[in-house]
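Student: sequence below, structure please.
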Amino acid sequence: MRLCNKALLRFRKRLITLEAAPLLNNVTRDRVETMANTSPGSLFVFGLGYSAQALGRDLQAKGWQVAGTSRSLEGCAYLASHGFNAFVFSHHTGLLPQARTALAAATHVLSSIPPDPSGDPVLNLTDKILMRLKKVQWIGYLSTTGVYGDWHGKEVTEQSECHPTSDRTRRRLAAEAAWRDLFYHHRLPVHLFRLAGIYGPGYSVFDDVRMGKAQRIDKPGHTFSRIHVDDITQILFASMQKPDPGALYNLCDDEPAEPATVVTEACALLGVEPPPLIPFAEAQLSDMGRSFWRDHKRVSNAKIKTDLGIRLLCPTYREGLRRILAAETLSNR
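Tutor: Here you go, the predicted model:
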């Protein structure tokens, strides 16, 4: 915990705007943008999970090469069956020679692996390798809006102070600081993305409703921000096309909503009766699930619009749920 606190202190001291920071390796921002707009490129992902796979599929359709890691041979086999060049990566294996070769060839690098109690596994095992990359034009780290902590329903922006309320989010904030150190001290083109609650096909309230596990938890006024996986994809790609090393972005939609309202909408779209309202105190939640309700904030997404020109595909959960059903219809044809 002492190391974590030191990392948090470093992070807060260095949370300055890019305009006040040195330029990347004395290369002008114009040249960086010119390099980044040379496509297709090559993406290497630490942790080819749900969101990263969506980005990978989109990039493959654009002619990119996409490689990444999984914790197991079974995971690698699954990724390979979907066209990704996959490698096992864990504390036990480290980065195998074939994976190092793929990483060295990457023009873009993304990490979606969360930190554990010993720190960020990617940086613990590969920080020196990352510092030696010659072709990299863009590095992204996926974090969470959970690092802001509880703001009692008030709005937070990328400039807001972070007050994480759990060990999990404190580790996330410390990991952010470590990744940003690669920009401040080694001029690597690192970008940080704080994601709200992720949803999309196969990963939404529809699945809970269909399995009979959905709960309509009654806690009036307590809202959560969300982000559809297709919007994550377009935002990350926009950042790749318009790099701004050292930048931090919130990824969320325009309308925070109460979870019960989203469940009701999903049931209406499926043509089923919604489950009864349950007082929050009586809701069946895991410890982790209950921890999400500890915080209440409204997350601003203004920066992705002004800086990256983003127009959300799913500005609210309503469009997002309908987009999921449309995707399911297409996949079932």
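Student: the spatially most central residue of the chain bridge partners, please.
Tutor: What sits nearest the mean C-alpha location of the chain, by CA atoms, centre = their mean, is residue 142, with 3.7 Å. Per DSSP bridges, the residues bridged to residue 142 are residue 193.
Student: next up, the contacts around the residue lying closest to residue 186 once chain neighbours are set aside.
Tutor: Distances taken as CB to CB, 6 or more residues apart in numbering place residue 131 nearest to residue 186, at 5.2 Å, with adjacent residues excluded. Backbone N, C-alpha and C define where each C-beta goes, glycine included. Going by CB atoms under 8 Å, 6 or more residues apart in numbering, residue 131 touches 182, 186, 188.
Student: look up how far residue 123 lies from residue 131.
Tutor: 11 Å (CB to CB, to the nearest Å).
Student: which residues do these two both contact?
Tutor: residue 182.
Student: phi, psi for the residue with the largest distance to the centre of the chain please.
Tutor: Distance from the C-alpha centroid of the chain, by CA atoms, centre = their mean, peaks at residue 273 (32.8 Å). Here is the backbone geometry of residue 273 (degrees, to the nearest 10): phi -70, psi 140.
Student: neighbours of residue 154, just the number please.
Tutor: Residue 154 sits with 11 neighbouring residues when counted by other CB atoms under 10 Å.
Student: pLDDT score for it?
Tutor: Note for residue 154: predicted pLDDT of 97.
Student: next one: residue 2
Tutor: 39.
Student: could you do the one 3 residues further on as well?
Tutor: pLDDT, the model's per-residue confidence, is 46 for residue 5.
Student: residue 292 too?
Tutor: Residue 292 is given a pLDDT of 85.
Student: just use 744 as the starting number from now, easier for me
Tutor: Understood, numbering begins at 744; the last thing we discussed is residue 1035.
Student: you'd agree it is up against residue 965?
Tutor: No: contact criterion CB atoms under 8 Å: residue 1035 and residue 965 do not qualify, at 10.4 Å.
Student: tell me which residues form a beta bridge with residue 828?
Tutor: Bridge pairing for residue 828 (DSSP bridges) gives the partners residue 810.
Student: from memory it sits against residue 844, does it?
Tutor: No: using CB under 8 Å, residue 828 is not in contact with residue 844, being 10.4 Å away.
Student: the helices in the stretch 744-893 of the chain, which residues?
Tutor: 745-756, 772-779, 793-804, 816-824, 840-847, 864-874 (DSSP state H, counting those that start in this stretch).
Student: where does the stretch 744-893 of the chain have low pLDDT?
Tutor: 744-782 (pLDDT under 70).
Student: could you redo the last one with a cut-off of 90?
Tutor: Filtered on pLDDT under 90, the stretch 744-893 of the chain yields the residue ranges 744-782, 833-837, 861-862, 864, 867-871.
Student: of residue 828 and residue 844, which one has the most company?
Tutor: Applying other CB under 10 Å to residue 828 and residue 844 shows that residue 828 carries more neighbours, namely 17 against 11.
Student: still on that earlier bit, wait, what's in contact with the residue farthest from the centre of the chain?
Tutor: Contacts for residue 1016 (CB under 8 Å, 6+ apart) come out as residue 1010.
Student: tell me the pLDDT of it.
Tutor: Here the pLDDT value assigned to residue 1016 is 97.
Student: element containing the closest residue to residue 952 other than its chain neighbours?
Tutor: Computed as CB to CB, 6+ apart, the closest residue to residue 952 that is not its neighbour in sequence is residue 1009, at 5.4 Å. Element membership for residue 1009 (DSSP states H and E) is helix 1002-1013.
Student: what sits up against that helix?
Tutor: Under CB under 8 Å, 6+ apart, the answer for helix 1002-1013 is 947-949, 951-953, 957-962, 967, 969, 1016-1018, 1020, 1060-1061, 1064-1065, 1068.
Student: list the contacts for the closest residue to residue 819 other than its chain neighbours?
Tutor: Once flanking residues are discounted, residue 819 sits nearest to residue 829: 4.0 Å by CB to CB, 6+ apart. Residue 829 is in contact with 791, 810-813, 818-820, 822-823, counting by CB under 8 Å, 6+ apart.
Student: out of the contacts of residue 874, which end up buried?
Tutor: Burial by neighbour count, judged by 16 or more other CB atoms under 10 Å, picks out 925, 931 from the contacts of residue 874.
Student: so which of the contacts of residue 874 sit within helices?
Tutor: Among the contacts of residue 874, the ones falling in helices (DSSP state H) are 925, 929.
Student: break down this protein into its strands, ranges please.
Tutor: Under the criterion DSSP state E, strands of the chain are mapped to 785-789, 808-813, 828-831, 851-854, 881-887, 898-899, 933-938, 940-942, 959-961, 969-971, 991-994, 1020-1022, 1041-1042.
Student: among those, which is nearest residue 837?
Tutor: strand 828-831 (9.7 Å; CB to CB).
Student: only alpha carbons, please: show that closest one as PDB.
Tutor: Provided in PDB are the C-alpha atoms of strand 828-831 (Å, rounded to 0.1, in the frame of the first residue of the first chain):
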ATOM      1  CA  ASN A 828      -1.900 -13.700 -33.900                       C
ATOM      2  CA  ALA A 829      -2.000 -14.600 -30.200                       C
ATOM      3  CA  PHE A 830       0.700 -15.300 -27.600                       C
ATOM      4  CA  VAL A 831       0.500 -16.500 -24.000                       C
END
